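>>> pasting the sequence and the predicted model now:
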Amino acid sequence: MKLLDIGELARQSGVPPSTLRYYEDIGLIRSEGRHGLRRQYDAPVATQLALISLGKLAGFSLAEMRGMFGADGTPQLPRTELHLRADRLDAQIRDLTRLRDALRHVADCPAETHMDCPKFMRLMQFATRTAGSRRQR
C-alpha cells in the first residue's frame, strides 16, 4: 500500500495541510501513521477529500459529512438527505432566478424613479419578508 505524505496529499487535493490536520482532528479523515513528523495517508483519502469538497458545495456541514463515511472511510451517502438537499437547492435556484429577473427589470425600468416602479416595490417587500424569516431561524 502506497502512502501519501501530507504535503503530497495537499498538492494532489488542493486542500492545505492545516485543513488536513483539522479534518483528521475532527474525525473526517484518518492518517495511517507518520514518517518522522509528517503524517501519512492512504490513497483513498483523496476520494474522501473530493467528497468533502462536494458536500461543502452542497451546503453540508462538516459534522453532517462525518456521518457519511464508514469507520474505514468508505462513503455511505444518505440518499434521502441528498434528495432533500437537492430539493432545497432547486428552491434556492428558483428564488435566485426570480431575484435576478427582478433586478434586471428594475435596472431597465422606464419609471421615473425606482420608487414608482411596482416591481421594485414588490422586490423590497420580498427582501423584508426574507430578512424577517432568516432572523426567526
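In hand now; what should we look at?

>>> quick one: name whatever helix or strand follows the top strand by length along the chain.
Determined from DSSP state E, the single longest strand within the chain is strand 38-42. Downstream of strand 38-42, the first helix or strand assigned by DSSP states H and E is helix 45-57.

>>> just give me how far the helix or strand just after that next one sits from the chain centre.
Next along the chain after helix 45-57, taking DSSP H and E as the criterion, comes helix 62-66. Centroid displacement of helix 62-66 relative to its chain, using CA atoms, centre = their mean, to the nearest Å, is 11 Å.

>>> any regions of the chain where pLDDT drops low?
1, 131-137 (pLDDT under 70).

>>> how is this protein divided into domains?
3-66, 79-136 (automatic domain parsing).

>>> all strands for this structure, in order.
Under DSSP E, the chain gives strands at 3-5, 33-35, 38-42.

>>> could I get these as TSV with mean neighbour count and distance to E64?
Any C-beta I mention is one placed from the backbone N, CA and C, and that applies to glycine too. Listed next are the strands of the chain as TSV, based on neighbours: other CB atoms under 10 Å; distance: least, CB to CB, whole Å:
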stretch	mean neighbour count	distance to E64
strand 3-5	18	26
strand 33-35	11	28
strand 38-42	19	22
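
>>> out of those strands, which comes closest to R21?
Judged by CB to CB, the one of the strands of the chain that comes nearest to R21 is strand 38-42, at 7.3 Å.

>>> could you check the angle that closest one makes with helix 45-57?
Using axes from the mean of the first three to the mean of the last three CA atoms, to 10 degrees, the inter-axis angle of strand 38-42 relative to helix 45-57 is 90 degrees.

>>> alpha carbons only: can I get strand 38-42 in CSV?
The C-alpha trace of strand 38-42 is given here as CSV (Å, rounded to 0.1, in the frame of the first residue of the first chain):
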residue,chain,number,x,y,z
ARG,A,38,4.9,14.1,8.7
ARG,A,39,1.5,12.4,8.6
GLN,A,40,1.0,9.6,6.0
TYR,A,41,-2.4,9.0,4.3
ASP,A,42,-3.7,6.1,2.3
